[in-house]
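**Student:** Got a predicted structure here, sequence first:
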Amino acid sequence: MHIAHSIADLRAALAGRGRPAFVPTMGNLHDGHLSLMRQATGLGDVAVASIFVNRLQFLPHEDFDSYPRTWDADCAKLEAAGCDVLFAPREHDLYPEPQTFKVHPDPQIADILEGHFRPGFFVGVSTVVMKLFSCVFSGGAGSAVFGRKDYQQLMVIRQMVRQFALPIEIVAGDTCRAEDGLALSSRNGYLSAAERAEAVQLSQALRALAQAASAPGADLPVLEAQAMDALRARGWQPDYVTVRQRSDLLPPAGAAQPGTLVALGAARLGSTRLIDNLEF
């Protein structure tokens, strides 16, 4: 596995190697990331990953400085999963000057849900992904794999690629879960043993909400409020637990149509914020 730190080194390593299949990460890798990497190995001629903790997508009070960095373990895992080239820029490599040009996604998709509770988050995500794409795909077309766990992020990136006519196919990877149903996340490592046992309640709340929302005549605002209250009663601090249309993440227009919906939730357990979703 070739490790490139500079953009020039990355482009030299990819020159003449055909279509890249790319998995961007912030490191601290778990089986969910590795499943995306293994998926990427079958999508192109050269499998590429990046590790970069992107300051632009963290709010001032969030965990940029304390975000887990596990470099040696990450490299070993990526190489075992089939990664050919790892791009691991330092901050001054990717942002050699202040990044004053930024990508501002459509507020209708980017300022709701995650974007409402983390203002500017998707500006930071879109900007770094656009820049990583310009580094990895400078030789032409390819594909990039993003996990469905970050459901709204996947939609934002797909819309960005479509509107800028980038020659990149965005491929969705399924959410990986622990045996009890908890969605794998780098931030799960922040949980205490007791919190880890409790954390599965978020996925269970989404499953219960989806089941109730599928019933004829379901009152979605009432069901969503009940789901939020149930989590609060267990000591959670939910930001949202909601049912939305898969197509645009807006509330369902008229009667909910199973097969077109997704239940999404974000809630803090102790000091750790977890997100999850379930299509139904």
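**Tutor:** Looks like it arrived, so ask away.
**Student:** Any stretches of the stretch 1-150 of the chain with poor pLDDT?
**Tutor:** For the stretch 1-150 of the chain, applying pLDDT under 70 flags no range at all.
**Student:** Which stretches in it count as helices?
**Tutor:** 7-14, 31-40, 71-80, 91-94, 107-110, 114-117, 121-136 (DSSP state H, counting those that start in this stretch).
**Student:** can you put those helices in JSON lines and add distance to residue 270 and mean neighbour count?
**Tutor:** Yep, even glycine has a C-beta here, placed from its N, CA and C like the rest. Listed next are the helices of the stretch 1-150 of the chain as JSON lines, based on distance: least, Cβ to Cβ, whole Å; neighbours: other Cβ atoms under 10 Å:
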{"stretch": "helix 7-14", "distance to residue 270": "38", "mean neighbour count": "18"}
{"stretch": "helix 31-40", "distance to residue 270": "22", "mean neighbour count": "22"}
{"stretch": "helix 71-80", "distance to residue 270": "25", "mean neighbour count": "15"}
{"stretch": "helix 91-94", "distance to residue 270": "29", "mean neighbour count": "14"}
{"stretch": "helix 107-110", "distance to residue 270": "28", "mean neighbour count": "17"}
{"stretch": "helix 114-117", "distance to residue 270": "17", "mean neighbour count": "17"}
{"stretch": "helix 121-136", "distance to residue 270": "21", "mean neighbour count": "22"}
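**Student:** For those, please prepare TSV with the additional fields distance to residue 254.
**Tutor:** Formatted as TSV, the helices of the stretch 1-150 of the chain follow (distance: least, Cβ to Cβ, whole Å):
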stretch	distance to residue 254
helix 7-14	48
helix 31-40	35
helix 71-80	46
helix 91-94	45
helix 107-110	19
helix 114-117	24
helix 121-136	28
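**Student:** which residues does the residue nearest to residue 270 when sequence neighbours are not counted contact?
**Tutor:** With Cβ to Cβ, 6 or more residues apart in numbering as the criterion, residue 270 has its nearest non-adjacent residue at 5.2 Å, and that residue is residue 195. Residues near residue 195 by Cβ atoms under 8 Å, 6 or more residues apart in numbering: 269, 270, 272.
**Student:** Of the residues you listed, which qualify as buried by neighbour count?
**Tutor:** 269, 272 (16 or more other Cβ atoms under 10 Å).
**Student:** Once you drop chain neighbours, what's closest to residue 271?
**Tutor:** That would be residue 190: by Cβ to Cβ, 6+ apart, it lies 6.7 Å from residue 271.
**Student:** what's the spacing between that neighbour and residue 197?
**Tutor:** 14 Å (Cβ to Cβ, to the nearest Å).
**Student:** Between these two, tell me which one has more neighbours.
**Tutor:** More crowded of residue 190 and residue 197, by other Cβ atoms under 10 Å: residue 190, with 19 against 12.
**Student:** Let me know the pLDDT of the more buried one.
**Tutor:** We have a pLDDT of 94 for residue 190.
**Student:** now swap in residue 254 and tell me
**Tutor:** At residue 254 the predicted local confidence, pLDDT, stands at 79.
**Student:** tell me the contacts of residue 121?
**Tutor:** Residue 121 makes contact with 57, 59, 114, 115, according to Cβ under 8 Å, 6+ apart.
**Student:** which residue sits closest to the first one, ignoring its sequence neighbours?
**Tutor:** Of all residues not flanking residue 57 in the chain, residue 124 sits nearest, at 3.1 Å (Cβ to Cβ, 6+ apart).
**Student:** So the one you found is in contact with residue 54, correct?
**Tutor:** Yes: contact status for residue 124 versus residue 54: in contact at 6.2 Å, counting by Cβ atoms under 8 Å.
**Student:** so what's the backbone phi/psi at residue 259?
**Tutor:** The phi/psi pair for residue 259 (degrees, to the nearest 10) reads phi 100, psi -10.
**Student:** From residue 160, how far out is the closest residue to it other than its chain neighbours?
**Tutor:** Leaving aside its chain neighbours, residue 259 sits nearest to residue 280 (7.6 Å; criterion: Cβ to Cβ, 6+ apart). Relative to residue 160, residue 280 is positioned 27 Å away (Cβ to Cβ).
**Student:** And these two? Which one has more around it.
**Tutor:** residue 160 (24 against 18).
**Student:** if we can go back for a sec, isn't the residue nearest to residue 259 up against residue 260?
**Tutor:** No: Residue 280 is beyond contact range of residue 260, at 9.1 Å (criterion: Cβ under 8 Å).
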